[in-house]
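Chemist: A structural model of the following input is requested.
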Amino acid sequence: MAQVLIEKTNTPGEGSVYRKILVAVDGSENSRKAAKTAIWLSRVTGAKLIVLAVVQVPILLDQGIPGGSSYGIGEYLAQTKKYLEKVVADVSEDAANQGVDAERVVIEGTASVVQAIVDYAAENRVDLIVVGTRGLGGFKKLVLGSVSSGLVAHAPCAVLVVR
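Modeler: Got it, this is the predicted structure:
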């Protein structure tokens with residue numbers, strides 16, 4: 001078995017390939033595994049950790065269909081945001097318990113989770129995105145989920161997909 005040696009640095013990013021690591025979470029089992037990996041990588045490399053979740057706008061609202069808001073979408077968005085804020089807080093707390101400070105980010109008002117993560121990573125010069133193979137979405141691809149495969153295809157940086 002191959003052994004991985006990573007020297008811990010005292011200064012975030014000093015001597016490390018990674019200065020900023022973003023983990024995309026949604027509360028699924030796979031995103032919890034991705035978070036554990038991202039926390040570990042941040043701890044051993046000294047990289048800044050960003051815990052990010054995206055509140056996706058349902059297609060009805062995104063297309064501006066009249067009456068879309070009458071279907072309780074506002075309540076759905078509020079509850080989803082509340083849930084994802086808790087997920088992000090829980091991951092941040094896990095990171096803090098391991099000596100890693102984490103920035104908390106919840107992005108709202110987008111129809112594309114992939115685009116929101118890609119844009120955030122580009123704007124904030126993220127060096128690595130860590131994501132689980134599949135999230136909470138109902139549609140599953142054979143090997144990767146739609147978000148993880150979209151990130152692999154479009155991210156401006158390296159992507160680590162955790163199984």
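Chemist: average model confidence for stretch 92-106?
Modeler: Stretch 92-106 shows a mean pLDDT of 98.
Chemist: Tell me which residues of it come out buried.
Modeler: Ser92, Asp94, Ala95, Val100, Ala102, Val105, Val106 (16 or more other C-beta atoms under 10 Å). Glycine gets a C-beta too; all of them are placed from N, C-alpha and C.
Chemist: First-to-last residue distance for that stretch?
Modeler: End-to-end distance for stretch 92-106: 12 Å, by C-alpha to C-alpha, to the nearest Å.
Chemist: measure Val106 to Leu52 for me?
Modeler: From Val106 across to Leu52, the span is 8 Å (C-beta to C-beta, to the nearest Å).
Chemist: swap in Lys36?
Modeler: Separation of Lys36 from Leu52 (C-beta to C-beta) stands at 16 Å.
Chemist: the more surrounded of these two?
Modeler: Higher neighbour count among Lys36 and Leu52: Leu52, with 24 against 17, using other C-beta atoms under 10 Å.
Chemist: Once you drop chain neighbours, what's closest to that one?
Modeler: In this structure, Leu52 finds its nearest non-sequential neighbour in Val105, 4.4 Å apart by C-beta to C-beta, 6 or more residues apart in numbering.
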